Structures are given as structure tokens and as C-alpha cells.
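Undergrad: sequence and predicted structure are below.
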Amino acid sequence: AVVSTQSTGKHKMSTSITLKGWQLLPLWRRRIPKPPVYWKGDPQHQLFLPLFWMRMIKPEHKVPNSEVHFETHPQMSNFDIKNYLEKIYNVPVLHVRTEAIRGEDVKGPEGAMTHREPDKQMAYIVLQDGHEFEFPDIWAKKKPPFERNMEEVKNM
């Protein structure tokens, strides 16, 4: 992979990545295309999903049951996040707050900075009154593999 740079005064900014001859733009620099225009008579079996993504994050500290944390696509606005949850998942949203988190600097073996991890955008959602969310504990009922194997041996 080759990274092309654009010089702006003293600093260099990476604009694209070349991989096997293809020039790729990072996701946060890509322009989001408009959906195709619908003309009467066109087939209607097409389903257009948003190009944005959201990932639910378990909070590091105790939060009220009406608050949910997400990592979101960097181009999503508060309005986009609210519509995404209400229209696609039917989640009633009272308030949305976003925070941009700068990526950490990665240092090489000599201690010099080699690159920086991508920036993140966190969204903190407050649900409307009467709606609560509790993060599921998916590992509560599962036993460690060693205990499962011991039970299988005992049952033989």
C-alpha cells in the first residue's frame, strides 16, 4: 500500500491510499452519493440502506438505563443519528449528544511517532420517558469451555 501525500505548508496530509493499483479514499473523506432518481415505471424491488454505521458501546461507568452509548460514522450529525434510530429501529430518542475523540498517536520502536489511529465519534443517546435499555450480559449463562467439557465427560 502506498500513501500519497499533499503538502500544505509545513505539514503533509494523506489524501489517498493506493492498493494494487486502485486509489482508495478513507471512509471519512468519501463523498456520500445521492440515491438514484426514481422514474415512474422503474422496478420497485430495490432497497436502499444508509451508508452510515453505528456500533453500540458498553459504558465504562454506571449510567442511567435511559442512556445508550454508540460509536458512529464520523460524518453523522445529531439529526442523522436521531433519524437513524427512530426510522430504522423505532427507538424513541429524546436527546443526542456527540463527541469527537482524537485518535491516539502510535509510536515506533525508537519512540518516534509513526502514525495516528483514526478519529472516533461517540454519540450519547437519551431515550424518551418510559423507555429503558439495559446492556445484555451475553456471557452470563455460558460456562467456560473447560467446565462444559468436564460435564460432557461425566455424562458419558
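TA: Sure, I can see it. Numbering: from 1, shown residues only.
Undergrad: just the buried positions in the helix or strand containing residue 55, please.
TA: Element membership for residue 55 (DSSP states H and E) is strand 54-57. Taking 16 or more other Cβ atoms under 10 Å as the basis for neighbour counts, the residues of strand 54-57 that come out buried are 54, 57. (Each C-beta comes from the backbone N, C-alpha and C, glycine too.)
Undergrad: other SSEs contacting it?
TA: When contacts are defined as 3 or more Cβ pairs under 8 Å, 6 or more residues apart in numbering; DSSP states H and E, strand 54-57 packs onto strand 67-72.
Undergrad: mind giving me the packing neighbours of the strand it packs on?
TA: With contacts defined as 3+ Cβ pairs under 8 Å, 6+ apart, strand 67-72 has these neighbours: strand 54-57, strand 120-127.
Undergrad: what about 10 Å?
TA: In terms of contacts (3 or more Cβ pairs under 10 Å, 6 or more residues apart in numbering; DSSP states H and E), strand 67-72 is packed against strand 54-57, helix 78-83, strand 93-101, strand 120-127.
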